[in-house]
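Visitor: I would like to see how this sequence folds:
(chains A and B)
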Amino acid sequence: MNISLFYFVAFLSIFFSLLVIFSKNPVHSVLYLIVTFFTFTVHYILLNAQFLAIVNFIVYMGAIMVLFLFVLMLLNLNKESEPAKSPLLKIAGVVAGMCLLVTVAGSVKTLHTSNPIVLQSPTLGLVKNLGKVLFSDFLLPFEVSSILLLSAMVGAVLLAKREPNDA
Amino acid sequence: MEAAFVIEKFILITVIFTVSLLVAMYSTYAERKVASFLQDRVGPNRAGPFGILQPLADGIKMFTKEEIIPTHANKFLFIAGPSLAILTACIGTAVIPWGSNIEIAGRTIPLQVADVNVGVLYIFGVVSLGVYGIMIGGWASNNKYSLMGAIRAASQNISYEIAMGLSIIALLMSTGSLSLKVIAEQQSGFWAHGWFTWNAFQQPLGFLIFLICAFAETNRSPFDLPECETELVGGYHTEYSSMKLGFYLFAEYINMFVSSAVMATLYFGAYNFPFMHHLGLSANMISILGVVFMMLKIFFFIFFFMWVRWTIPRFRYDQLMNLGWKVLIPLSIANIVLTGIWITVKDIYFK
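Guide: Predicted coordinates:
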């Protein structure tokens, strides 16, 4: 039951992520990406990581994709207004993609397979345990990553703000 | 055992679904009556005594109107928009505790569909998903006014979600739990340890911020810029007709019901009422009275939504953004800091 559910959801994830790439309309791509993120949420729930599931739901589906959709709707992209890319750019894209594929395949090969269904400690993903681990064992990485986010935010604001004599 | 569980949940879900639809239906009637009361008019009084059948007449009208799909609209997304809007409005009711446990023939039945241990975050997720119905519908209409309405809705929701989340964080610091059931139980009674138990009295600033954000998230006046008729014809539902338009209007009222329920649960003591443990009632009686009080609190908040709508004029768009980003977010961060200081002081000096 559980394993067939896992394979079904995994199939849906891959199916929708392929649709993201192959659909012509950018707004449709974003909508498929939202469905893909939803299947990821289901994966997290199957792994009993409730907090991660709901955070993925809120942050990716609820916030980031709304922004994506917002920008796409504002730009109103469609087939006519899309500039044709030069062949050089296409070749460069293919080469870069292949390099990424080789890197990912190589790193995946070194990993050992784990059983996706049987968890080592089923309560690991619950909010209480996750919070305890984050604020005791991994306090420094946690704080460093928050500073990283803050610096990214400051950078974005700085880029968006014009010079006073420039306006 | 398993079958009894399924039947019990099925009945509970059916009742909650029916009640939320019924409340939403009569909210349309109540809105007109409140509006007419505030403007010194009579209001709807033709269909049935006091116009009590008005929502039914409206429903029949909506269903029998001609259904129009614009020629260049994306047909699938055009229909998916209102469906999504009403779906996201309805699923929020799943984690709200409507009352404490009821005991029937030795079985304890909780009056809550699912006690998820991340209940508050679930509500937050559903709220953040609510904007998709509007955005998809507005974009698929292929109309510039619809698109403007959809974009306004999206930016407004994103802006006010942040302040809402931050005000919830301050609440969670004092309750120490993400489960709505636990939060409801903590507010039992009305007065304990020399202070009110309801969270609105422990987090007054947080409650105010949450209330304002709830108005913005449900697109209610003074934050109803996505459907501002003086600038955008009809906003995101300009192109909609028949029951698809009805779904959008209905989703707004269901959203109002759910956010009133969430506010009552988080800040106004959920199903608890004053002197509940001093009247010598049985546990079942307390639960039933608790459901009644929960409903009364929800109706009060729905009335409050309407009261504000017919009292306060609409914001200008830049004022709305300034309020969200420059007032509410700094205030809610200050609230978190204050709550942290208060918890520390209480731990050190009042133990």
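
Visitor: Leaving aside the residues adjacent along the chain, what's closest to B:I79?
Guide: Counting by Cβ to Cβ, 6 or more residues apart in numbering or on different chains, B:K244 is the residue found nearest to B:I79 once chain neighbours are left out, at 7.1 Å. The C-beta positions use only the backbone N, C-alpha and C, and glycine is treated the same way.

Visitor: Quick check: the gap between that neighbour and B:V34.
Guide: Distance of B:K244 to B:V34, given as Cβ to Cβ, to the nearest Å: 26 Å.

Visitor: Also B:S179?
Guide: Plainly put, B:S179 is 34 Å away from B:V34 if you go by Cβ to Cβ.

Visitor: So the residue in chain A that chain B sits nearest to versus A:F38, what's the distance?
Guide: For chain A, the residue closest to chain B is A:G62, as judged by Cβ to the nearest Cβ, at 2.8 Å. Taking Cβ to Cβ as the measure, A:G62 falls 11 Å from A:F38.

Visitor: So for these two, which sits in the more crowded spot?
Guide: Between A:G62 and A:F38, counted using other Cβ atoms under 10 Å in any protein chain shown, the more crowded position is A:G62 (24 against 19).

Visitor: Now do the contacts for that one.
Guide: By Cβ atoms under 8 Å, 6 or more residues apart in numbering or on different chains, the contact set of A:G62 is B:G125, B:V127, B:S128, B:L129, B:E161.

Visitor: one more time with 7 Å, if that's ok
Guide: Counting by Cβ atoms under 7 Å, 6 or more residues apart in numbering or on different chains, A:G62 touches B:G125, B:S128, B:L129.

Visitor: same deal with A:S29?
Guide: So A:S29 contacts A:V20, A:S23 (Cβ under 7 Å, 6+ apart).

Visitor: Then it would be within a helix, right?
Guide: Yes - counting by DSSP: H, G, I helix; E, B strand; the rest coil, A:S29 is located in a helix.

Visitor: returning to what we had before: what's the nearest residue to the residue of chain A closest to chain B if we skip its chain neighbours?
Guide: Distance criterion Cβ to Cβ, 6+ apart; nearest residue to A:G62, sequence neighbours excluded, is B:S128 at 2.8 Å.

Visitor: Please look at the one you found and B:Y160 and confirm they touch.
Guide: No - using Cβ atoms under 7 Å as the test, B:S128 is too far from B:Y160 to be in contact (10.6 Å).

Visitor: which of the residues in the helix or strand encompassing B:K33 are buried?
Guide: Using DSSP states H and E, B:K33 sits in helix B:2-38. In terms of neighbour count (16 or more other Cβ atoms under 10 Å in any protein chain shown), helix B:2-38 has its buried residues at B:12, B:16, B:20-21, B:23-34, B:36.

Visitor: Contacts (any at all) between chain A and it?
Guide: No - figure legend: helix B:2-38 not in contact with chain A (Cβ under 7 Å from any Cβ of the partner chain); closest approach 14.8 Å.

Visitor: contacting residues for the spatially most central residue of chain B?
Guide: By Cα atoms, centre = their mean, the mean C-alpha position of chain B lies nearest to B:S259, the distance being 1.5 Å. B:S259 makes contact with B:A214, B:E217, B:T218, according to Cβ under 7 Å, 6+ apart.

Visitor: that's a helix at it, yeah?
Guide: Yes - applying three-state DSSP, one finds B:S259 inside a helix.

Visitor: separation between B:S167 and B:A105?
Guide: B:S167 is 42 Å from B:A105, by Cβ to Cβ.

Visitor: hmm, who's touching stretch B:125-134?
Guide: For stretch B:125-134, the surrounding residues in contact (Cβ under 7 Å, 6+ apart) are A:54, A:57-58, A:61-63, A:66, B:81-82, B:84-85, B:88-89, B:91-92, B:150, B:153-154, B:157, B:161, B:217, B:226, B:236, B:251, B:255.

Visitor: Stretch B:174-192 too?
Guide: So stretch B:174-192 is contacted by A:127, B:95-97, B:112, B:115, B:117-121, B:172, B:196-199, B:202-203, B:265-266, B:269-272, B:274-277, B:339, B:343 (Cβ under 7 Å, 6+ apart).
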